[in-house]
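Q: Whatever this is, show me its structure:
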Amino acid sequence: MMDEAEIAFNFWYYVDEGSDMVYSLAGRAYYLSGPEGERLRILKELSKNDYRLAPRHPIPKQFCMAQEDGGAHEFMPAINVRLLGFQLFEELADHLASELPTMPEQIDGILFEYRHLIPEGALCLYTALKEREIGDITPMVR
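A: Residues are numbered from 1 along each chain as shown. Next up is the predicted model:
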C-alpha cells in the first residue's frame, strides 16, 4: 500500500530450542504509516522487545500435531510456520483487531463509530522466539 496509515502486525511464535517445536503464539497490532520498507523497519525494531507485552495464545487446534489416539498435541514443527504464514495467525489477528477501540467518524453531520478492519495483505512480521530454558528467550528477527 502507499503511504496511508493501516494496521500492521508483529507475530511471534515460541520455539523450544531443543525440539524445534512451536508451542505458543503471540501478536500485537500497530497503526503505521509511511512506505512499506519504513513500516517493516519499525516492526523489526519493535519485535525485539514487544513480545514481552503480548499475551501468549495456543496454537489453533487444526495446526497442532495429531496423536496416535486421535487427540492433538499443543505444538507443531517450526518449519510449518513458514508454510502456513498468515493462516496460522489469522485467528489471533482477528482477536487483536476485535480488541482495538472503535473510532468515531462524522458523515453528513451524523456521528458513526467504526471498527478497524484488517486490510487485505496486511503487513506482518513473523519472529521466532527461541526458548532455551524458562524465561531465557532470544528473538530471531529476520
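Q: can we go C-alpha only for contacts and neighbour counts from here?
A: Fine.
Q: Could you tell me the end-to-end distance of stretch 123-137?
A: Terminal residues of stretch 123-137 are spaced 24 Å apart (Cα to Cα, to the nearest Å).
Q: quick one, helices of the chain?
A: For the chain, the helices defined by DSSP state H occupy 36-47, 79-84, 86-98.
Q: I'd like those helices as TSV, with mean neighbour count, mean pLDDT and distance to residue 105 appended.
A: Converted to TSV, those look like this (neighbours: other Cα atoms under 10 Å; pLDDT from 0 to 100; distance: least, Cα to Cα, whole Å):
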stretch	mean neighbour count	mean pLDDT	distance to residue 105
helix 36-47	16	96	25
helix 79-84	12	93	36
helix 86-98	16	94	18
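Q: got TSV for the ones you listed, with distance to residue 112 too?
A: Putting the helices of the chain into TSV (distance: least, Cα to Cα, whole Å) gives the following:
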stretch	distance to residue 112
helix 36-47	29
helix 79-84	37
helix 86-98	17
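Q: Of those helices, which is nearest residue 13?
A: Closest to residue 13 of those, according to Cα to Cα: helix 79-84, at 8.3 Å.
Q: Can you tell me what sits against that closest one?
A: residue 88 (Cα atoms under 8 Å, 6 or more residues apart in numbering).
Q: Put the alpha carbons of that helix into PDB.
A: These are the backbone C-alpha positions of helix 79-84, laid out as PDB (Å, rounded to 0.1, in the frame of the first residue of the first chain):
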ATOM      1  CA  ILE A  79       9.100 -25.400   9.800                       C
ATOM      2  CA  ASN A  80       5.300 -25.300   9.400                       C
ATOM      3  CA  VAL A  81       5.200 -21.600  10.300                       C
ATOM      4  CA  ARG A  82       6.800 -20.600   7.000                       C
ATOM      5  CA  LEU A  83       4.500 -23.000   5.100                       C
ATOM      6  CA  LEU A  84       1.300 -21.600   6.800                       C
END
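Q: Now do that helix: distance to the chain's middle.
A: Centre-to-centre, helix 79-84 and its host chain are 14 Å apart (Cα atoms, centre = their mean, to the nearest Å).
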